[in-house]
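Novice: Please find the sequence and the predicted model below.
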Amino acid sequence: MFQKLLNIFDRKVEYHNYLVDIHSHLIPGIDDGSKSMSESIALITRLKELGFKKLITTPHIMRDKYPNTTAIIQNGLVNVKKELQKRGIEMEIEVASEYFLDKHFLNLLKNKDVLTFGDNYLLFELSYTSKPIFLESAIFEMISAGYKPVLAHPERYIFMHKNFDEYKWLKRKGLLFQVNLNSFSGYYSKEVQKVANKLAEEGLIDFIGSDTHKQRQLDHLEKNLHSKVIDKIFKNNTILNESLL
């Protein structure tokens, strides 16, 4: 019984390394995340209850589907902060963006019109099914411009599942990896779960994220936060979330 209590305590200590979430969709009405201010507040409140001290929310910028701008996202943050203050909810919250890698993103990059977090980290995503032909040059441009590119949920890109060396190639090119915690419990698929575990075992993960869009994801997140998964991630990888406090 005593040993069981010790194990629970140790797990809680490990969990406290994940105090900053860097991937979520909490600005209402601008992408596939929160649909209303009340939903945003409910999601933020739940994340607070789960122990998070800081949220860096990352609305999509995808020209053809979610044509957000820096101004739209920053204004959305202002409104969320006002509502949190009105309700007396204390939560440190910032914005960056999850950029879809396309020509529009490259133009934004060229004009330095991008939202970053922490030490100039720049979160971006790819098509799930096919590798962009300009991926290598885009990585080079991001790094040359002084950004630290972070690939969102690499475990979910189907085109890399059959060749794990693709992940190692991307790491050699200078990419940081942000893996969704829910991937480890099969939330997306068994194949995604398998790849997430392999990334953790190989020590290739730099950030973890909730990728919160709705309450259902937080139900799964809560289970993962209190599982052995979190221990394995922190044991085998240098996770940078806490450095953002």
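Specialist: Okay, I see it.
Novice: Looking at the protein, which helix is longest?
Specialist: Counting by DSSP state H, the longest helix found in the chain is helix 70-87.
Novice: Who are the packing partners of that one?
Specialist: helix 37-49, strand 92-95 (3 or more C-beta pairs under 8 Å, 6 or more residues apart in numbering; DSSP states H and E). The C-beta positions use only the backbone N, C-alpha and C, and glycine is treated the same way.
Novice: Is it possible to get JSON lines of these that adds distance to residue 244 and mean pLDDT?
Specialist: Shown next, in JSON lines, are these (distance: least, C-beta to C-beta, whole Å; pLDDT from 0 to 100):
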{"stretch": "helix 37-49", "distance to residue 244": "15", "mean pLDDT": "98"}
{"stretch": "strand 92-95", "distance to residue 244": "9", "mean pLDDT": "98"}
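Novice: who are the neighbours in contact with residue 120?
Specialist: By C-beta atoms under 8 Å, 6 or more residues apart in numbering, the contact set of residue 120 is 146-148.
Novice: ok, those residues vs residue 24, which is closest?
Specialist: residue 148 (19.5 Å; C-beta to C-beta).
Novice: So in terms of bridging, what pairs with residue 152?
Specialist: On the basis of DSSP bridges, residue 152 is bridged to residue 178.
Novice: What is the burial count for it?
Specialist: 23 (other C-beta atoms under 10 Å).
Novice: I'd guessed it sits against residue 122; true?
Specialist: No: if you go by C-beta atoms under 8 Å, residue 152 and residue 122 don't touch, sitting 10.5 Å apart.
Novice: which element follows the helix-or-strand element of the chain with minimal mean pLDDT toward the C-terminus?
Specialist: Lowest by mean pLDDT, DSSP states H and E among the helices and strands of the chain is helix 2-15, with a mean of 42. Moving toward the C-terminus from helix 2-15, the next helix or strand (DSSP states H and E) is strand 20-21.
Novice: Mind listing residues that contact that following strand?
Specialist: In contact with strand 20-21 (C-beta under 8 Å, 6+ apart) are residues 47, 52-56, 209-210, 212, 241-242, 244-245.
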